[in-house]
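# Sequence plus the predicted model coming up.
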Amino acid sequence: MKGIDRREFLKIGGMAAIAGLGGKAAFEILAPGKLEAAQQIPLTKGKHWAMVVDTTKMDDALMDVCIEACHKEHNVPNLGNPKEEIKWIWKETYEHAFPGQEHEYIGERFHGMNFLLMCNHCTNPPCVRVCPTQSTWKREDGVVMMDMHRCIGCRFCMAACPYGARSFNWGDPQRVRTDEKLMPMNPGFPRNKDYPTRSKGVVEKCNFCAERLAKGDQPACVEAAAKVRKGALVFGDLADPHSEVRKVLKENYTIRRKPELGTGPNLFFIV
Amino acid sequence: MYDGGKIITGLVIGLGLLLFPFFYNAGKAAKAPDPELTPKAQEAKVCVMDKAYMQSSHMTLLDDWRHTVVRDGERYFKAKSGTVYYKSLQVTCLDCHSNKTKFCDQCHDYMGVAPYCWDCHLEPEEKK
């Protein structure tokens, strides 16, 4: 557990007593930010995952690297038909990604520029509210998870998500690998043995690489991006004031997708 | 009754054909499957729980695993022996029991159960 454990609390308390400090002031001086972290998100076990995309360091080639890493890791199929596209992580233009913030005199840099998008893992996710089987829910560490064993494919979550971050499996993804004639677009369907595929009739989405986080690794896209260019994608704990994401957010101006909807996206873009 | 003889003969033959499989197999029990262990599984000697439990209740264990992994994020299982296993059908179970046809399917076919695990979880590639 991050935050403050009993030992640390007693140490700070003891030192504060000697120095003649009291209450919040003691924590502010002796352990800046720690009390804030412990108080703000009491249910998150000290974690609140978030990602920052530095669009000044991003380009299309690097986005493709990230997309490929994710799709290989999670056996995301490419069925060849854009109407049946499965989206975990994808590219979108500025006016599509940030419709409310687009105008005709927008900076030259943004003309035809792509943004790397994925599930925002909202603080207040509408998809979770509408799911009748609770197969999508918000974990205490901020990851909006999918339970494929429970999903009945009603697609309420797809209707509720204002970011189009969820995709429906119109076909059996495993079909792709057996019949390459049927799916000529995707001869090399990724088959990562460490992660399952999905079945026909379920909704899926980015899971912030929950299976990698459990091992203490960074998400696949972040790891792949870091090999090419440092700092293009930053992933970390928002609840920890000393984390890399908090540092990056403190130093840069960032935007989020459709913040006016109040979903509280946890995906930030440095523009 | 017209053509009574023919009708009755026909009925007897028809019934005979219908019941033939029952008489043919009478007294013989269907052969109980004998699940084969891979060399790796034999070498390991112990599974995550004892053999009797795994034979009777592996489905309960797997159901419990999938629930605790996905819903509670508890990805490790501590066996009685103290060994810690990564809770995963694909990664842990099928790593040892990589002969799905001879280990899983044989029994499932015999019992007439068709678990839908394989709709999503990748089967091990077996050499034929």
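Nice, I can see it. Owing to the predicted nature of the structure, the values given are computational and were not obtained by experimental measurement. Numbering: from 1, shown residues only, chains lettered A, B, ... in the order given.

# alpha carbons only for contacts and neighbour counts from here, please
Will do.

# For the residue nearest the centre of chain B, list the residues it contacts.
Of all residues in chain B, the one closest to the mean position by Cα atoms, centre = their mean is residue B:108, 2.3 Å from it. Contacts of residue B:108 were listed using Cα atoms under 8 Å, 6 or more residues apart in numbering or on different chains, and they are residue B:114.

# For it, which three-state class applies?
Using DSSP: H, G, I helix; E, B strand; the rest coil, the secondary structure recorded for residue B:108 is helix.

# Contacts only, for residue 110.
With no chain named, the answer covers chain A. For residue A:110, the contact set (Cα under 8 Å, 6+ apart) comprises residue A:94.

# My question was about chain B, not that one.
Applying Cα under 8 Å, 6+ apart, we find residue B:110 in contact with B:32-33.

# following the helix or strand hosting residue B:23, which helix or strand shows up next?
Assessed by DSSP states H and E, residue B:23 sits inside helix B:4-24. The helix or strand immediately downstream of helix B:4-24 is helix B:39-44, counting by DSSP H and E.

# contact partners of the helix or strand that that following helix is followed by?
With elements assigned by DSSP H and E, the helix or strand that comes after helix B:39-44 is helix B:51-72. Helix B:51-72 has contacts (Cα under 8 Å, 6+ apart) with A:147, B:47, B:74-75, B:87-89.

# if you set the cut-off to 7 Å instead, what comes out?
The contact list for helix B:51-72, computed with Cα atoms under 7 Å, 6 or more residues apart in numbering or on different chains, reads A:147, B:74-75, B:87.

# State the number of residues packed around the nearest residue in space to residue A:157 that is not next to it in sequence.
Excluding the flanking residues, the one nearest residue A:157 by Cα to Cα, 6 or more residues apart in numbering or on different chains is residue A:127, at 4.3 Å. Residues lying near residue A:127 (other Cα atoms under 10 Å in any protein chain shown) number 22.

# same check, this time on the one 3 residues further on
As a burial measure, the neighbour count of residue A:130 was computed by other Cα under 10 Å and equals 17.

# same question, residue A:262
Using other Cα under 10 Å, residue A:262 has 12 neighbouring residues.

# Relative to chain B, how far out is the nearest residue to it once chain neighbours are set aside?
Nearest non-adjacent residue to residue A:262, counting by Cα to Cα, 6+ apart: residue A:124, 7.4 Å away. In this view, residue A:124 and chain B are 19 Å apart by Cα to the nearest Cα, to the nearest Å.

# Was I right to think residue A:124 contacts residue A:266?
No - look at residue A:124 against residue A:266 with Cα atoms under 7 Å: they stay out of range, at 10.0 Å.

# who's more crowded, those two?
Using other Cα under 10 Å, the more surrounded residue of residue A:124 and residue A:266 is residue A:266, with 21 against 16.

# and the stretch 101-250 of chain A, which of its residues are near chain B?
For the stretch 101-250 of chain A, the residues in contact with chain B (Cα under 7 Å from any Cα of the partner chain) are A:147, A:193-194, A:196-199.

# go again using 8 Å as the cut-off
Residues of the stretch 101-250 of chain A that fall close to chain B, judged by Cα under 8 Å from any Cα of the partner chain: A:147, A:174, A:193-199, A:214.

# Phi first, then psi, for the residue nearest the centre of chain A.
By Cα atoms, centre = their mean, chain A has its centre lying nearest to residue A:208, at 4.7 Å. The phi/psi pair for residue A:208 (degrees, to the nearest 10) reads phi 50, psi 30.

# and residue B:76, what is it in contact with?
Taking Cα under 8 Å, 6+ apart as the test, what residue B:76 contacts is B:84-87.

# Out of those, who's the most crowded?
Going by other Cα under 10 Å, residue B:87 tops these with 21 neighbours.

# measure that residue to chain A for me?
Distance, residue B:87 to chain A, using Cα to the nearest Cα: 11 Å.

# Which residues are in contact with residue A:57?
Shown in contact with residue A:57 (Cα under 8 Å, 6+ apart): A:229, A:231-232.

# any weak-confidence spans in chain B?
The model of chain B has pLDDT under 70 over residues B:127-128.

# What residues does it have near chain A?
With the criterion set to Cα under 8 Å from any Cα, chain B comes near chain A through B:70-71, B:73, B:75, B:90-91, B:119-122.

# Name the next helix or strand downstream of the one helix or strand residue A:249 maps to, please.
Taking DSSP H and E as the criterion, the element that holds residue A:249 is helix A:244-251. For helix A:244-251, the following helix or strand on the C-terminal side (DSSP H and E) is strand A:254-255.

# which other helices and strands contact the helix or strand in which the residue nearest to residue A:157 is found?
Element membership of residue A:127, judged by DSSP H and E, is helix A:126-130. Applying 3 or more Cα pairs under 8 Å, 6 or more residues apart in numbering or on different chains; DSSP states H and E, one finds that helix A:126-130 contacts strand A:136-138, helix A:156-160.
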